[in-house]
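Chemist: Please work out how this folds:
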Amino acid sequence: MSRLKRICIYPKDVQRITGRSERYGRKLLQQIRRHFEKDQHQFVTIKEFSEYTGINEAEIEQYILD
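Modeler: All right, here's what the predicted structure looks like:
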């Protein structure tokens, strides 16, 4: 049975991917929410993060999977 993949991205993930601070990750995710006209409580998906940053989804998944 294959393991389910996570679809949401969190500030700690952004920190791992970019090498920047977790605070930068929170700010970037907020910018992405505004870009996609999401509410504060809504999650940012890997697909949205990929589209916004131009980083390939497969590369992102390598950083967020255990």
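Chemist: in the lengthiest helix in the chain, what counts as buried?
Modeler: Using DSSP state H, we find that the single longest helix of the chain is helix 22-35. Under the neighbour-count criterion of 16 or more other Cβ atoms under 10 Å, helix 22-35 has Gly25, Leu28, Leu29, Ile32, Arg33 buried. For glycine as for every other residue, the C-beta is placed from the backbone atoms N, C-alpha and C.
Chemist: One more: stretch 43-53?
Modeler: Val44, Thr45, Ile46, Glu48, Phe49, Ser50, Tyr52.
Chemist: Contacts only, for the second one.
Modeler: Pointing back at Thr45 there. Thr45 makes contact with Ile7, Cys8, Ile9, according to Cβ atoms under 8 Å, 6 or more residues apart in numbering.
Chemist: rerun that using 10 Å as the cut-off
Modeler: Residues in contact with Thr45, defined by Cβ atoms under 10 Å, 6 or more residues apart in numbering, are Arg6, Ile7, Cys8, Ile9, Ile32, Phe36, Lys38, Glu51, Glu57.
Chemist: ok, and the most crowded of those?
Modeler: If you count neighbours using other Cβ atoms under 10 Å, the busiest of these is Ile9, which has 25 neighbours.
Chemist: Backbone dihedrals for it, please?
Modeler: phi -120, psi 140 (degrees, to the nearest 10).
Chemist: which non-adjacent residue is nearest it?
Modeler: In this structure, Ile9 finds its nearest non-sequential neighbour in Phe49, 4.8 Å apart by Cβ to Cβ, 6 or more residues apart in numbering.
Chemist: and of the buried residues of helix 22-35, the nearest to Ile64?
Modeler: Gly25 (11.9 Å; Cβ to Cβ).
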